[in-house]
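K.L.:
Need a 3D model of the following:
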Amino acid sequence: MKKKASFRIDEQLHEKLKEFANSEGITTSQLIELACYHFMEEKPKPTKQIERHKKLETINVTLRVDQPTYRKLANIIQAKNSTLSQELNYRLSATLEEPVFDIVEFNELWAVKFDVDRLGNLLRWALKEKREINENLLIDLDRKVTSLRDEFREILTQVYKRRLLR
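P.N.:
Numbering: from 1, shown residues only. Modelled structure (predicted):
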């Protein structure tokens, strides 16, 4: 069972410790625990996270995100009680394994977007030119747009299920 210990250190040293621990993929607490074992010349009992990290080669990457994205990530991290690096690693790994959209779905979505834009432009042009519009044509258009909306919902549902399965 682990015990909590608190102590005071210089602020600059604390920042250096945090930076070094993050670069090694461990927490500051784990780093201090390892340092204590090293100081006492005893072999540490590494946590699973430290053992996992030792097996992998890591690369430091700088990432910039806008404020709204960071806030969303911070809320997710707080709800999961995890760290930013763990969440980003999870999300990146998940999308590399199985992308949210495959290329066929993505191309279909673009084709549908193009068709909807073209329909909207034609309808706007007809209204602007004060052309007569066949009521049967509008009913058929409404039916097709409704069908299209249902197809989009199905695709988005599949994407959402994929994200949950990770």
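K.L.:
As a quick check, tell me the outermost residue of the chain.
P.N.:
Centroid-distance maximum for the chain: Glu132 at 48.4 Å, with CA atoms, centre = their mean.
K.L.:
Helix, strand, or coil at that residue?
P.N.:
coil (DSSP: H, G, I helix; E, B strand; the rest coil).
K.L.:
Backbone dihedrals for it, both of them.
P.N.:
Dihedral pair for Glu132: phi -70, psi 140, per degrees, to the nearest 10.
K.L.:
same question, Ser6
P.N.:
Main-chain torsions, Ser6, degrees, to the nearest 10: phi -120, psi 150.
K.L.:
ok, it to Leu17 distance?
P.N.:
14 Å (CB to CB, to the nearest Å). For glycine as for every other residue, the C-beta is placed from the backbone atoms N, C-alpha and C.
K.L.:
Compare those two and say which is more crowded by neighbours.
P.N.:
Legend: neighbour count by other CB atoms under 10 Å for Ser6 and Leu17, higher for Leu17 (16 against 4).
K.L.:
Do I have it right that the more buried one meets Leu34?
P.N.:
No: taking CB atoms under 8 Å as the contact criterion, Leu17 and Leu34 are not neighbours in contact, 11.3 Å apart.
K.L.:
Tell me which residues touch Ile155, please.
P.N.:
Glu105, Glu108, Leu109 (CB atoms under 8 Å, 6 or more residues apart in numbering).
K.L.:
try it again with 7 Å
P.N.:
Glu105 (CB atoms under 7 Å, 6 or more residues apart in numbering).
K.L.:
element containing it, please.
P.N.:
helix 135-165 (DSSP states H and E).
K.L.:
per-residue confidence averaged over that helix?
P.N.:
Averaging pLDDT along helix 135-165 yields 77.
K.L.:
shaky segments in the protein?
P.N.:
Across the chain, the stretches falling below the confidence threshold (pLDDT under 70) are 1, 42-58, 94-95, 97-102, 162-166.
K.L.:
which residue is nearest the centroid of it?
P.N.:
Note: the chain centre (CA atoms, centre = their mean) maps to Arg91, 4.5 Å.
K.L.:
Following the chain past the helix or strand harbouring it, name the next helix or strand.
P.N.:
Secondary structure from DSSP H and E places Arg91 in helix 84-97. Using DSSP H and E, the helix or strand that follows helix 84-97 towards the C-terminus is helix 103-128.
K.L.:
what angle do that next one and helix 135-165 make?
P.N.:
Helix 103-128 runs at 150 degrees relative to helix 135-165, counting by axes from the mean of the first three to the mean of the last three CA atoms, to 10 degrees.
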